[in-house]
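Undergrad: I need the structure of the sequence given here:
(chains A and B)
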Amino acid sequence: MTILIDDLESRLAAAAPAGIQYSSANNAKGVTTAWCRLADKEELLPVGALMKAIGARLSTITIFQPKAPAAPAPKEGETPDAPTFFGGSVASDGKSYEIDYHFDIDGDTLTVVVHVPNGGDVISLTPLFRNANWPERELMEIYSVIVRAHPDPRRLFLDPGIEGAVLERLIPFSTLVNSATTKGLWEKIMANKGSQS
Amino acid sequence: MSNFTIPIGPLHVALEEPMYFRFDVHGETVAGVEIHAGHVHRGIEYLVTKRNIFQNLVLTERICSLCSNSHPQAYAMAVEEIAGITVPVRAEYLRVLADEVKRVASHLFNVGILAHLVGFESLFMHAMEVREMMQDVKESVFGNRMDIAAHTIGGVRYDIDAEGIAYLKDKLDKMTPLVAEIAEVFRTSNSILGRTRGIGILSHADAINCSAVGPVARGAGVDYDVRKKAPYAAYDRLDFAVHTLPDGDVWSRAMVRLQEVVTSMDLLRQVLDALPEGPTTATKERPAVPPGEAVAKCEAPRGELIYYVRIGDSPKPERVKWRVPTYVNWDALTIMLKDAKISDIAIIVNSIDPCVSCTER
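TA: Below you'll find the predicted structure:
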């Protein structure tokens, strides 16, 4: 239980010159949780290298599509600015992705956040963190995001026969389990077996 | 010597859960292994976004059987942080109680299965018999043998009275010499040592490199336990040691688990002795949970379990993501299996205490 490292914010800022949004808080037990939002997703690799240098461990990676903020009614004669995430280059339209890299620093947690447009790409952290391999494969199969320079970009849990980006589509349970009803399953078995004699 | 490929799984007598391994074998020796996952992928991360914050307590408990208590605990901790809820002291102690009861049962199960895979059937049955006492505790105190439903947002859903405390202490007194006896057999029996010493080695450097967690990492000398490094519940007020062993073989991982069983039983006694009076939940009604995000982690029987929760304007969370300990330990397993003998494969796979349904969700 250390309270992160003192100059972490300035070192993160130096690793990501395009800009960071940093916050940190201690809970009642003295455990620190810090957040670092990057303005430019291309600065993920230098930030990852800093994490590696201070002995952090990559716990996991989260990806999701944050909902677009409710837009206020536009004033007459004005076109409202489309909302964007921190950094201004990725639209906050409900389709872009937020990717959170959760690092463990001797018990404390630092989450590095990048934003990627729909169908966009992000650099792989596998050269720095061997265990980024599986989480990156997983995020490629649940959303239509590409991880560049991934050493093994195959499906992880889902069969290659299943169309990708499963968390971006509604998949009815009956489709998921491959049989609409027990009757449908029975008919499928009988069709494969051939006609009843 | 010839080279060939052996498939093991997804369904195989030596595996408790479905996982598919392709072993490249040179004679009797494993040259490489490829792991294919996904046979019990249930899409639970999708389902949690379709249920409200409170329903998800029930759903997360069903991700895994042996660490079923740790999931709702970490989830509740994340939601409590978002809502700014302080858990009452009595509830913090009761959370430790639930956590350690589950840890004892989980570790004894794994150690018992190891005895079975070694062919030491009498030890297997003995370990399972001792574990059964903890199962009785779960059934008596919580009303269930696996999913004990101990947690709620802001506290716990159960309480223990003087009679329950006396009952649990009596069980602990009965179990203590039996666990010591099992540990002694693991320390001295040639049947165990011959099959587990120097087998499936994970070096300290590899454990760090793979980001291994839990007894897999501690068995390779990595001194990391969430209960010490990032204290939660009442662990900051309890006295306990973190056990590590330097060798990183199957035996070290089993011994770390056995030492942790002893420590967990000691923690249970400390909780029963020091259990403070007071309420068991922060609020009488369901607390309001504002939008926000939080990360929480706890030490599940298999190692660090981390939860990320993001709540928007809806009562259904926008995203809940968790990483179970086994998820990172699969990679360490491929290192342990390198150059292993075919006959040791099942023992080495069991030594990471794999949880497939946890990994795939």
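Undergrad: C-alpha only now, for contacts and for neighbours.
TA: Will do.
Undergrad: what's the closest non-adjacent residue to the residue positioned nearest the centre of chain B?
TA: In chain B, the residue lying closest to the centroid (CA atoms, centre = their mean) is B:Pro301, at 2.2 Å. With sequence-adjacent residues excluded and distances taken as CA to CA, 6 or more residues apart in numbering or on different chains, B:Pro301 is closest to B:Arg103, at 5.0 Å.
Undergrad: Same check on B:Ser252?
TA: Closest to B:Ser252 by CA to CA, 6+ apart is B:Gly219, at 5.0 Å.
Undergrad: Retrieve the pLDDT associated with the one you found.
TA: Looking at B:Gly219, its pLDDT is 92.
Undergrad: from the middle of its chain, how far away would stretch A:38-54 be?
TA: Averaging C-alpha positions (CA atoms, centre = their mean, to the nearest Å) puts stretch A:38-54 15 Å from its chain's average.
Undergrad: Can you get me a residue count around the residue nearest to B:Val89 when sequence neighbours are not counted?
TA: Excluding the flanking residues, the one nearest B:Val89 by CA to CA, 6+ apart is B:Pro276, at 6.9 Å. B:Pro276: 15 surrounding residues under other CA atoms under 10 Å in any protein chain shown.
Undergrad: Give me the helices and strands touching the host helix or strand of B:Ile347, please.
TA: Following DSSP states H and E, one finds B:Ile347 within helix B:345-351. Judged by 3 or more CA pairs under 8 Å, 6 or more residues apart in numbering or on different chains; DSSP states H and E, helix B:345-351 is in contact with helix B:89-118, helix B:250-274, helix B:325-337.
Undergrad: dump the residue contacts of the residue in the stretch 1-150 of chain B positioned nearest to chain A.
TA: Residue of the stretch 1-150 of chain B nearest chain A, by CA to the nearest CA: B:Gly38 (3.8 Å). Counting by CA atoms under 8 Å, 6 or more residues apart in numbering or on different chains, B:Gly38 makes contact with A:Leu156, A:Phe157, A:Leu158, A:Asp159, B:Met19, B:Glu360.
Undergrad: 7 Å instead?
TA: With contact set as CA atoms under 7 Å, 6 or more residues apart in numbering or on different chains, B:Gly38 has these partners: A:Leu156, A:Phe157, A:Leu158, B:Glu360.
Undergrad: For chain A, which residues are neighbours of chain B?
TA: A:1, A:29, A:31, A:57, A:60, A:62, A:64, A:106-108, A:130-131, A:156-158, A:167 (CA under 7 Å from any CA of the partner chain).
Undergrad: B:Ile306 looks like it's in a strand, true?
TA: Yes: the assignment for B:Ile306 (DSSP: H, G, I helix; E, B strand; the rest coil) places it in a strand.
Undergrad: which residues pair with it across the strands?
TA: Beta-bridge partners for B:Ile306, by DSSP bridges, are B:Lys297, B:Arg323.
Undergrad: tell me the helices in chain B, going along the chain?
TA: Ranges of helices in chain B, per DSSP state H, are B:44-47, B:55-61, B:70-83, B:89-118, B:121-142, B:162-188, B:190-196, B:204-209, B:214-218, B:226-229, B:250-274, B:325-337, B:345-351, B:356-360.
Undergrad: tell me the most buried of these?
TA: The highest mean neighbour count among the helices of chain B, using mean count of other CA atoms under 10 Å in any protein chain shown, belongs to helix B:214-218: a mean of 30.
Undergrad: Can you report how many residues neighbour residue 27?
TA: With no chain named, the answer covers chain A. Neighbours around A:Asn27, by other CA under 10 Å: 10.
Undergrad: wrong one, chain B
TA: B:Gly27 has 13 neighbours, counted by other CA under 10 Å.
Undergrad: Test my guess that it contacts B:Ile6.
TA: No: contact criterion CA atoms under 7 Å: B:Gly27 and B:Ile6 do not qualify, at 11.4 Å.
Undergrad: So what pairs up with A:Val113 in the strands?
TA: Taking DSSP bridges, one obtains A:Arg37, A:Asp100 as the residues bridged to A:Val113.
Undergrad: That one - how many residues pack around it?
TA: What A:Val113 shows, counting by other CA under 10 Å, is a neighbour count of 23.
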